[in-house]
Each structure stands twice: as C-alpha cells, then as structure tokens.
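I need the structure of the sequence given here:
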Amino acid sequence: MENKSHAFWAGLFTIGLGCAIVAMLFWFNRDQAERLPYDVISTTNVTGLTVDAAVRYRGLDVGRVDSIQFDQAHPGRIIIRILVNRGTPMTHSTYGSLSFQGVTGIAFVQLDDNGAHPEALQTSLKQVAQLSLHAGLFEQLQQRGDALLKEMEAVAEHLDALTDERSRVQLLATAKSIQLAADAATPVFQQVPQSLAKFDRAADATDRLMDLYQRPDGPVIGNLNRAGDAVTHLDQSVQAVTTRVTDDTLPRINALADDTRATSRSFDRAAEVLSTNPRGALFGIPAPSPGPGETGFSWPAAMPSERP
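Next up is the predicted model:
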C-alpha cells in the first residue's frame with residue numbers, strides 16, 4: 001500500500017514539474033512586443049513567403065507575417081497581414097517587397113520608404129492600413145527573362161551568321177591580306193632601328209648646338225654683344241650729329257635767312273624807286289627835296305583857287 005502511494009505522489013510530482021516547465025517556456029517565448037497591423041497588397045507571386053516570416057525595415061527586424069490569404073473582393077490579389085512594432089516610421093510612402101535569405105529560398109517582407117510622403121500612416125484593428133508590394137530583385141529578373149532570352153537568341157543568330165561558309169571565306173581572305181601587308185611592312189620595320197639611331201644622333205647634335213648657342217662665350221652671344229656695341233656707337237654718333245646741327249648749323253642757317261630777308265628788302269626798295277623814277281637808272285637817283293628847316297627849303301606857291 002505504501003509503494004502505491006509513493007508511486008502516485010512521484011507521478012503527480014513529475015506531471016506537475018512538466019507542466020511548470022512548459023508554462024515557463026511558453027511564458028519566456030511569448031512575444032510581448034506591441035505591434036500594429038498592416039496589410040501588404042500583392043498582385044504578383046509570393047513564392048517562399050510563409051506565416052511568421054520576418055518583417056524588416058531597411059534590414060532591421062520590426063515584426064512578423066501574421067497571415068497570407070486571397071482577397072475575396074478582388075480576385076488575383078493577395079493580402080499579407082503583417083504585424084509591425086509600434087514606433088516603426090511607417091508613412092504614406094512606405095512600401096514592401098520580397099527578399100530572400102541567402103540561397104535557402106525563404107522569403108521575408110522588406111519595408112522601405114522613398115520619402116515622397118513623410119506623413120505618418122495611421123492603422124488599427126478596425127481599419128487596417130494598406131501598403132503596396134513592389135517587385136523584388138528576383139521578380140524583376142523573372143519579368144525581364146523574356147527580353148534577355150530574345151537578346152540571347154539574337155546574339156546566337158549573329159554568331160551563326162559569322163561562322164557560316166561565306167563568312168569563313170571572307171575571314172580567311174582578310175587574314176591573308178593582313179599577312180601580305182605584314183610581309184610588305186617587314187623591311188620597313190627592319191629599318192626602324194636605323195632610323196631611330198639617326199634620330200638619336202640628330203637629337204644629340206641639336207643638344208650640342210643649343211648648348212653652344214647658350215654659352216656666354218659662344219658665337220651667338222658674342223655676335224649679339226657686338227651688335228649691341230654697334231648700336232651703342234651708332235646712338236652716340238647720332239647724338240653727336242644732332243648736337244652739332246643744333247649748336248652750329250642751325251644758327252648759321254638763321255643768320256643766312258636774316259641776310260636773305262635784308263637783301264630781299266633792298267631789292268624791293270630798288271624796284272620801287274625805279275618804278276617811280278625810271279631816269280634814275282641812267283642819271284642816278286636825284287637828291288630828295290629839302291624839308292622844312294633845311295637849307296634851300298621854300299614853301300610852294302599857292303594855287304589860284306586858294307588866293308584871297
């Protein structure tokens with residue numbers, strides 16, 4: 001009887017301990033974060049996305065996926081209910097996209113914001129706010145797959161056109177032409193080292209000539225110095241001639257000009273006398289009549305009309 005009672009209590013203790021451990025695990029694993037609901041509307045595939053998948057805002061964990069279901073009011077659309085931590089900057093320009101974790105194929109919702117409408121997006125259980133789901137990287141690649149395939153087909157056709165019989169013949173003819181041109185240019189290439197050597201010698205000669213011209217005791221500098229001396233002497237000679245002309249020649253020219261003017265006045269007086277008394281050229285110029293107060297002066301006789 002005691003064995004049965006001991007076994008009963010031992011079993012009861014084991015069951016109670018197990019229930020306590022389960023309750024503790026449930027308590028510690030319970031998500032106590034306050035989250036707000038948002039609906040992400042998708043019109044494309046959501047392959048790899050499952051319930052309880054992570055929700056990240058620009059790489060940071062901010063929530064989880066609560067449910068995935070079809071939109072009964074709009075066939076073809078999928079409503080992804082996400083729960084986002086309170087305090088996450090959700091705005092009217094926030095949108096979602098699907099991203100994948102490595103190569104496992106497990107998808108998660110990536111939230112981002114383009115900043116076009118920074119007003120806060122209000123949501124509640126009665127009126128859940130909606131976000132749009134943009135195409136992710138893999139979905140964009142899938143959408144562009146047809147165009148890529150067409151371009152690859154076009155490239156393959158071009159390669160086929162390049163490798164047909166006619167193209168091969170043209171390529172062979174081009175290769176032969178290049179070979180002939182190379183053979184014809186070989187002598188020219190062989191003369192290149194000699195031409196380079198001649199060019200080097202010419203450059204060395206030019207350098208020596210420039211050094212000779214730049215030397216202070218070289219011919220160029222000497223000739224320039226002699227030319228400068230000649231210019232200096234010429235300047236001095238010009239100055240001497242100018243001084244002599246100013247001090248000696250110009251005064252003589254001025255005196256000659258005065259004499260010329262005096263001679264001209266004498267000729268003018270002689271011409272005036274001859275014009276008034278032509279006999280003076282033969283008999284000489286008569287003496288002028290005496291004036292008042294001089295010897296031999298007499299008053300002229302009065303005119304008949306002036307007599308009283």
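
what packs against the longest helix along the chain?
Longest helix of the chain, by residue count under DSSP state H: helix 165-214. With contacts defined as 3 or more Cβ pairs under 8 Å, 6 or more residues apart in numbering; DSSP states H and E, helix 165-214 has these neighbours: helix 219-244. Heads up, the C-betas are built off the backbone N, CA and C, glycines and all.

chain center to whichever helix or strand comes after the helix it packs on: distance?
Sequence-wise, the next helix or strand beyond helix 219-244 is helix 250-276, with elements assigned using DSSP states H and E. Averaged C-alpha coordinates place helix 250-276 at 85 Å from its chain's average position (Cα atoms, centre = their mean, to the nearest Å).

Stretch 49-68 now?
That offset, for stretch 49-68, works out to 47 Å (Cα atoms, centre = their mean).

Same check on stretch 36-47?
47 Å.

How about residues contacting it?
Outside stretch 36-47, the residues within contact range by Cβ atoms under 8 Å, 6 or more residues apart in numbering are 66, 68, 71, 76-86, 90, 96, 98, 107, 109, 121, 123-125, 128-133, 135, 139.

Just the buried ones from those residues, in ChimeraX syntax?
A single ChimeraX command is used to select the members of the contacts of stretch 36-47 judged buried by 16 or more other Cβ atoms under 10 Å:
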select :66,68,78,79,80,82,83,84,85,90,96,98,107,109,121,123,131,133,135,139
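
Counting residues, which strand of the protein comes out longest?
strand 60-70 (DSSP state E).

Let me know the angle separating the helix or strand following that one from strand 60-70.
Later in the chain than strand 60-70, the nearest helix or strand by DSSP H and E is strand 78-85. Here strand 78-85 points in a direction 150 degrees away from that of strand 60-70 (axes from the mean of the first three to the mean of the last three Cα atoms, to 10 degrees).

Now do the helix or strand following strand 78-85: which elements does it pack against?
Once strand 78-85 ends, the next helix or strand along the chain (criterion: DSSP H and E) is strand 94-100. Counting by 3+ Cβ pairs under 8 Å, 6+ apart, the packing neighbours recorded for strand 94-100 are strand 107-113, strand 129-134, helix 137-143.

hmm, 7 Å instead?
With contacts taken as 3 or more Cβ pairs under 7 Å, 6 or more residues apart in numbering; DSSP states H and E, strand 94-100 sits against strand 107-113, strand 129-134.

Starting from the longest one, tell me which strands it pairs with and how they run.
Think strand 107-113. Pairing partners of strand 107-113, with direction, according to DSSP bridges: strand 54-57 (parallel), strand 94-100 (antiparallel).

Run the angle between it and strand 129-134 for me.
110 degrees.

Check what contacts stretch 233-244 and list those residues.
With contact meaning Cβ atoms under 7 Å, 6 or more residues apart in numbering, stretch 233-244 is reached by no other residue.

List the buried residues in that stretch.
Per 16+ other Cβ under 10 Å, stretch 233-244 contains no buried residues.

can you give me the offset of that stretch from its chain's centre?
On Cα atoms, centre = their mean, the centre of stretch 233-244 falls 61 Å from the chain's centre.

Could I get the CA-only coordinates of that stretch as CSV?
Provided in CSV are the C-alpha atoms of stretch 233-244 (Å, rounded to 0.1, in the frame of the first residue of the first chain):
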residue,chain,number,x,y,z
HIS,A,233,78.2,103.6,-81.1
LEU,A,234,75.5,104.5,-83.7
ASP,A,235,73.4,106.1,-81.0
GLN,A,236,76.4,108.1,-79.8
SER,A,237,77.1,109.2,-83.4
VAL,A,238,73.5,110.3,-83.9
GLN,A,239,73.6,112.2,-80.7
ALA,A,240,76.8,114.0,-81.7
VAL,A,241,75.4,114.9,-85.1
THR,A,242,72.3,116.2,-83.5
THR,A,243,74.3,118.3,-81.1
ARG,A,244,76.4,119.8,-83.9
